[in-house]
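Engineer: Just to be clear, the model below is a prediction. Sequence and coordinates:
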Amino acid sequence: MSVKWKSLCINKHHHLLVMLAVVILLVGLAFRLFVSRSKGFAYDFESPVLEKEQVQQPGLKPPPVPVEIPDNEDQIPLDIITEKCDLFTGDWIPNPSGPTYTNKSCPLIEGHQNCMRNGRPDSGYLYWKWSPHDCQLPRFNAEKFLELMRNKAWALIGDSISRNHVQSLLCMLSTVELAVEVYHDEEYRSKRWHFPSYNFTISNIWSPFLVKAAIFEDNNGVSTAEVQLHLDKLDKTWTDVYQSLDYMIISTGKWFLKAAIYHENDTIVGCHICPGKNLTEFGFVYAYNKTLHHVMDFIATSKHKGLIFFRTSTPDHFENGEWHNGGTCPKTTPVKEGEIEIKDLNKILRNVELEEFEKAAAKAADNDVNLKLLDFTNLLLSRPDGHPGPYRQFQPFAENKTAVVQNDCLHWCLPGPMDFWNDVIMEMVVNG
């Protein structure tokens, strides 16, 4: 009996041990499963890839923080620039590479500015470039410019300096594609060109006063009567196409020095240089202020969505006279800053221009009109060597080496200093 009891006790003890072992095993499996699932939840919130990226290797800089760039409404790619400077203050420095085009490669240079064809003997004036102080000015990139201007329309509006400039721009672009003339007015003063590959047009709109004017003058600047100038009526030649243009450069200037009869409200109110007319002599400053006030007000309140440049008038370099009385410009190299001063008449015109622009700029900004100033005075003042001089005519000294000929010290040889206007303009278009 005692043996059976002991045997029963031993069997019961073994059963308890087995049960205990099973329980321990199940608890162990449950704990392992719990730990494994806990790590699985952690992976849902912590990416191994991100953890790897956050570890910086020795000697490497952290990745740059992304910068959000606002959309460009004109669809023009904007270059990020690290420096800002005054593009209109600088020096002319040697440029051994010379111009990007010649009179042979560009057939669009008009005779009076084609100094090389006309026999100008020196070429040193071609080997300088404009360099603003304290920053780099990229050279004009014709291919990039044309690509930016795809399906756009430009216009240069003003007098013969604007015509001079449009030839410069067309010639620089001709290194990529030669423009096709598609329009001209009866007098061939207003013209339009088209770049077929880019569906891009450039117009030169003849409007020397920007207001309505009756002009009695030939191509050599000889007048037979006073200009009849309506100071309060803008010239429809440019205002009628104004809203259809994406970009424009508007300018005026020297024409206001001419003899003129002034009209306001369809009534003669005075004049400039009109002896014997029994009219009040107002002077050209009165007319210039009135005109630019109306022009600037029209622009500033126009709601135009493109880019509008107002360009100041350009200095001339006549010495020992003016256009019609023997003035010349014999210099063949640039002058340094401070070696030449702007003439009083040029200074008066420029002061009026800057004053009226300043007043209009604030109003334009309020109306979301993008109005910018092009003041090339300093850039051109130091280039008395850049004019045609006697070489506005073809081979003026071919028959007589001492011939007395009319000099042009107002317009600019092409190629020449004016080409660097396009460098500045492109930089302002691309980078604001």
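Structural biologist: Yep, it's here. Numbering: from 1, shown residues only.
Engineer: how about the helices in the chain?
Structural biologist: For the chain, the helices defined by DSSP state H cover 2-45, 48-54, 142-148, 160-173, 236-239, 284-300, 344-366, 377-381, 419-431.
Engineer: So, low pLDDT: which residues of the stretch 151-300 of the chain?
Structural biologist: The model of the stretch 151-300 of the chain has pLDDT under 70 over residues 220.
Engineer: Quickly, which of the helices of the chain bottoms out on average pLDDT?
Structural biologist: When those are compared on mean pLDDT, helix 48-54 scores lowest, with a mean of 33.
Engineer: could you measure P196 against I161, distance?
Structural biologist: Per Cβ to Cβ, to the nearest Å, P196 is found 28 Å from I161. C-beta here means a position set from N, CA and C on the backbone, and glycine is covered the same way.
Engineer: Next: W92.
Structural biologist: Using Cβ to Cβ, W92 is found at 19 Å from I161.
Engineer: Also M172?
Structural biologist: Computed with Cβ to Cβ, the distance linking M172 and I161 is 17 Å.
Engineer: before we move on, what about T237?
Structural biologist: 17 Å.
Engineer: quick one on the thing from earlier: settle it for me: which of P196 and I161 has more neighbours?
Structural biologist: A direct count of neighbours by other Cβ atoms under 10 Å for P196 and I161 places I161 higher, at 22 against 11.
Engineer: Report the separation between that one and G253.
Structural biologist: Separation of I161 from G253 (Cβ to Cβ): 7 Å.
Engineer: which residues do the two both contact?
Structural biologist: Shared contacts of I161 and G253 (Cβ atoms under 8 Å, 6 or more residues apart in numbering): 313-314.
Engineer: Tally up the residues packed near the closest residue to H411 other than its chain neighbours, please.
Structural biologist: The shortest distance from H411 to any non-neighbouring residue, by Cβ to Cβ, 6 or more residues apart in numbering, is to N164 (5.1 Å). Neighbour count of N164, defined by other Cβ under 10 Å: 24.
Engineer: Could you report the separation of N164 from G416?
Structural biologist: Going from N164 to G416 by Cβ to Cβ gives 10 Å.
Engineer: R150 now?
Structural biologist: Going from R150 to G416 by Cβ to Cβ gives 29 Å.
Engineer: Next: Y188.
Structural biologist: Distance, Y188 to G416, by Cβ to Cβ: 23 Å.
Engineer: So if I had to pick from the two, which one is more boxed in?
Structural biologist: A count of neighbours by other Cβ under 10 Å puts G416 above the other of Y188 and G416, at 23 against 11.
Engineer: contacting residues for the more buried one?
Structural biologist: The neighbours of G416, taking Cβ under 8 Å, 6+ apart as the test, are 99, 115, 125-126, 168, 386.
Engineer: go again using 10 Å as the cut-off
Structural biologist: If you count contacts by Cβ atoms under 10 Å, 6 or more residues apart in numbering, G416 has them with 99, 113, 115-116, 125-126, 128, 164, 168, 383, 385-388.
Engineer: so E264 sits right up against K290, yeah?
Structural biologist: Yes: under the criterion of Cβ atoms under 10 Å, E264 makes contact with K290 at 7.6 Å.
Engineer: what about N289, how many neighbours?
Structural biologist: Number of residues near N289 (other Cβ under 10 Å) recorded here: 15.
Engineer: So it sits against Y262, correct?
Structural biologist: No: counting by Cβ under 10 Å, N289 does not reach Y262; the two are 11.7 Å apart.
Engineer: okay, and the common contacts of the two?
Structural biologist: L231.
Engineer: And K347, how far from L373?
Structural biologist: In terms of Cβ to Cβ, K347 sits 17 Å off from L373.
Engineer: Check F256 too.
Structural biologist: For F256, the distance to L373 - Cβ to Cβ - is 19 Å.
Engineer: Comparing those two, which shows the higher neighbour count?
Structural biologist: Using other Cβ under 10 Å, the more surrounded residue of F256 and L373 is F256, with 24 against 15.
Engineer: quick one, what contacts that one?
Structural biologist: By Cβ under 10 Å, 6+ apart, F256 lies in contact with 208-209, 227, 229, 272, 283-289, 291-292, 313, 349, 352.
Engineer: Can you flag the buried ones in those?
Structural biologist: If you count burial by 16 or more other Cβ atoms under 10 Å, the buried members of the contacts of F256 come out as 208-209, 227, 229, 272, 284, 286-288, 291-292, 313, 349, 352.
Engineer: Just put those in CSV and tack on distance to V176.
Structural biologist: CSV is the format used below for the buried ones among the contacts of F256 (distance: Cβ to Cβ, whole Å):
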residue, distance to V176
P208, 31
F209, 35
V227, 40
L229, 41
H272, 45
F284, 42
Y286, 46
A287, 42
Y288, 39
T291, 37
L292, 36
S313, 31
L349, 35
V352, 38
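Engineer: Cross-check the contact I'm expecting between N199 and N151.
Structural biologist: Yes: at 5.0 Å, N199 counts as touching N151 under the criterion of Cβ under 10 Å.
Engineer: okay, I69: pLDDT?
Structural biologist: I69 is given a pLDDT of 31.
Engineer: for H324, that is, sorry about that
Structural biologist: H324 is assigned a pLDDT of 85 by the prediction.
Engineer: Please report how far it lies from F397.
Structural biologist: 20 Å.
Engineer: Among those two, which residue is more densely surrounded?
Structural biologist: Applying other Cβ under 10 Å to H324 and F397 shows that F397 carries more neighbours, namely 14 against 10.
Engineer: quick one, what contacts H263?
Structural biologist: With Cβ under 10 Å, 6+ apart, H263 has these contacts: 211-214, 228-233, 269-270.
Engineer: try it again with 6 Å
Structural biologist: Contacts for H263 were tallied using Cβ atoms under 6 Å, 6 or more residues apart in numbering; they are H230.
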